[in-house]
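This is a predicted model, with the sequence first.
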Amino acid sequence: MTSVRNEEVGNPNQALTAELTAQAKLYAARMRLQDALDQADALEAIREVVANLMGSEQLAVYKVDKQKAALWLYWSFGIDPNKYAVLDVMREPHLEAVLDRKIVTRGDNGDDRLLSVDDPVTALVPILVGGEAAAVLVIFRLLPQKRIFEAVDRQICEVLSNCAGRAIEPYRA
């Protein structure tokens with residue numbers, strides 16, 4: 001009788017479990033980033049959060065060079081660093097929004113291509129230091145078993161945006 005009732009109301013136990021899982025992921029992401037011991041550990045924390053909680057093992061962190069309107073590769077994991085050494089802000093329309101502190105994910109505004117690069121990009125995340133975008137986290141393709149970028153993944157991007165500054169400027173963040 002209980003299983004029929006749960007099916008009729010959309011299985012509240014499943015919804016509760018999903019909500020608790022999402023909250024646990026957000027807490028784990030925040031704590032891992034805040035507990036980073038130094039700059040190298042903060043970069044490793046970013047990799048762990050993206051890989052273990054979001055499902056991507058291809059990511060890059062770019063430092064913002066406002067004078068040259070460019071993003072310079074600072075650190076990466078799972079990509080060819082020679083292929084993605086620099087991103088020209090003027091040639092990448094989505095980067096302006098990211099530099100204005102907005103998270104951009106694939107499918108926002110109906111656009112599936114976030115950057116004009118060969119590999120698919122799932123999300124562009126500003127890393128904030130002192131309220132300004134000091135760097136941009138580029139999350140490339142998701143793992144094959146991860147079909148979609150979920151709402152909790154976007155929330156984790158917000159945590160990364162606000163808590164990963166130590167990886168870029170450890171003494172200001």
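Happy to help now that I have it.

so who does I79 touch?
By C-beta atoms under 8 Å, 6 or more residues apart in numbering, the contact set of I79 is 58-60, 119, 140. C-beta here means a position set from N, CA and C on the backbone, and glycine is covered the same way.

again, only using 7 Å
58, 60, 140 (C-beta atoms under 7 Å, 6 or more residues apart in numbering).

Next, format these as CSV and append pLDDT, neighbour count and distance to Q34.
Below are the contacts of I79 laid out as CSV (pLDDT from 0 to 100; neighbours: other C-beta atoms under 10 Å; distance: C-beta to C-beta, whole Å):
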residue, pLDDT, neighbour count, distance to Q34
Q58, 97, 21, 25
A60, 98, 22, 22
F140, 95, 23, 25
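
In strands, which of those residues fall?
60, 140 (DSSP state E).

Going by distance to G165, which of the contacts of I79 wins?
Nearest to G165 among those: A60, at 16.7 Å, using C-beta to C-beta.

The closest one - nearest residue in space that isn't next to it in sequence?
S76 (4.0 Å; C-beta to C-beta, 6 or more residues apart in numbering).

centre of the chain versus stretch 163-172, how much separation?
Relative to its parent chain, stretch 163-172 has a centroid offset of 15 Å by C-alpha atoms, centre = their mean, to the nearest Å.

Give the buried residues for it.
163-168 (16 or more other C-beta atoms under 10 Å).

Out of these, which two are the most distant from each other?
Maximum pairwise distance among the buried residues of stretch 163-172 (C-beta to C-beta): 11.6 Å, between C163 and I168.

Spell out the residue ranges of the strands in the chain.
Ranges of strands within the chain are 59-65, 70-77, 86-88, 104-105, 121-129, 132-140, based on DSSP E.

Comparing these, which comes out most buried?
Here the criterion is mean neighbour count by mean count of other C-beta atoms under 10 Å, and of the strands of the chain the winner is strand 121-129, at a mean of 24.

Does anything pack onto that one? Which helices or strands?
Helices and strands touching strand 121-129, by 3 or more C-beta pairs under 7 Å, 6 or more residues apart in numbering; DSSP states H and E, are helix 93-99, strand 104-105, strand 132-140, helix 151-163.

Turn these into JSON lines, including distance to E19.
Formatted as JSON lines, those follow (distance: least, C-beta to C-beta, whole Å):
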{"stretch": "helix 93-99", "distance to E19": "29"}
{"stretch": "strand 104-105", "distance to E19": "21"}
{"stretch": "strand 132-140", "distance to E19": "24"}
{"stretch": "helix 151-163", "distance to E19": "9"}
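
Identify each buried residue in stretch 38-50, please.
For stretch 38-50, by 16+ other C-beta under 10 Å, it's 39, 41-47, 49-50.
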